[in-house]
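Student: Got a predicted model here, sequence first, then my questions.
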Amino acid sequence: MKFYLDTASVKEIQEAASLGLLDGVTTNPRHVQSSGKPFKVVLRDISAWLNEHRLSGYAQFPVSVEINPHLSATADMVREGKVYAAMHPCFVVKLPCTEAGIAA
């Protein structure tokens, strides 16, 4: 069994990780919005936490990052996904299950 925390809060990630049971994190735009910070700032904060804890790849500690749900063009999804994927090797990009998302 694997335990994934559904949040965009570094404080919550730290608290869950301190219990020794956390296998990864899932984020989504709603979680990021509730943080009150811009999306990329939240991702940078999570990246810094990952680096601080020497987590270096999605096989070790996956963090799913959903692209903007309002994008509808495949090229836009790919472009945004590449930006997020390049921010940290633990990031796994989530795409919508739409025709454009599947093509991306």
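Tutor: Happy to help now that I have it.
Student: who's in contact with Ala8?
Tutor: Residues in contact with Ala8 (CB atoms under 8 Å, 6 or more residues apart in numbering) are 27-28, 31-32, 34-35, 42, 46. Backbone N, C-alpha and C define where each C-beta goes, glycine included.
Student: for the residue lying closest to Gly24 once chain neighbours are set aside, phi and psi?
Tutor: In space, and not counting its chain neighbours, Gly24 is closest to Pro62: 4.2 Å by CB to CB, 6 or more residues apart in numbering. Per-residue torsions, Pro62: phi -70, psi 140 (degrees, to the nearest 10).
Student: pLDDT wise, what is Pro62 at?
Tutor: Looking at Pro62, its pLDDT stands at 98.
Student: can you check Val32 too?
Tutor: pLDDT, Val32: 90.
Student: count of neighbours near it?
Tutor: 22 (other CB atoms under 10 Å).
Student: wait, is it part of a strand?
Tutor: No - with DSSP: H, G, I helix; E, B strand; the rest coil as the criterion, Val32 is located in helix rather than a strand.
Student: for the chain, what spans make up the helices?
Tutor: Here the chain has its helices, by DSSP state H, at 10-17, 29-35, 39-52, 74-87, 99-103.
Student: Save the ones you listed as a markdown table, and put in distance to Tyr58 too.
Tutor: Formatted as a markdown table, the helices of the chain follow (distance: least, CB to CB, whole Å):
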| stretch | distance to Tyr58 |
| --- | --- |
| helix 10-17 | 15 |
| helix 29-35 | 19 |
| helix 39-52 | 10 |
| helix 74-87 | 9 |
| helix 99-103 | 19 |
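Student: Fine by me, thanks again.
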